[in-house]
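[1] Structure for the following, please:
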Amino acid sequence: MGQCNILLASTLVSFLPNLEVLSLRCTMLSKPTLVIILEGLKKLRVLNISHCIITEDDPPTPMKFMTELDKTILEKASRLDEFLTCMIDSCIMCQCTLDDKGEKRWRRYEDQ
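    Numbering: from 1, shown residues only. The predicted model follows:
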């Protein structure tokens, strides 16, 4: 999918405020971007961030990857019916997303 940045998250909140289901799996996003989505999309029921690369801050700050979701994100996500996550080092999809730097190159995996 690529990167989900603050601009995209703000656009979703502004133009799709009634969005109920959102999948960002296999993307790169920052903690502030995730907060905008969780706080701004009031009707959101399902959020899928499985196999995502989540950074502490947005560029141009140096990338510091989060290895687990912190308490503030989990509290904000607790209102959702489903919050799908996977940030396991041994997960093949998480490894592929990290190798691809959040820009999934599906053709690389056709023969696997």
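[2] Please count neighbours and contacts with C-alpha atoms only from this point.
    OK.
[3] Any idea what the closest residue to residue 21 other than its chain neighbours is bridged to?
    In space, and not counting its chain neighbours, residue 21 is closest to residue 46: 4.7 Å by CA to CA, 6 or more residues apart in numbering. Beta-bridge pairing for residue 46 (DSSP bridges): residue 21, residue 82.
[4] Look up how far residue 56 lies from residue 46.
    22 Å (CA to CA, to the nearest Å).
[5] same check, this time on residue 42
    23 Å.
[6] What does the residue nearest in space to the middle of the chain show for phi and psi?
    The chain has residue 49 as the residue nearest its centroid, 4.3 Å off, counting by CA atoms, centre = their mean. In terms of degrees, to the nearest 10, the main-chain angles of residue 49 are phi -120, psi 30.
[7] With adjacent residues omitted, what lies nearest to it?
    Nearest residue to residue 49 in three dimensions, chain neighbours excluded: residue 25, at 4.7 Å (CA to CA, 6+ apart).
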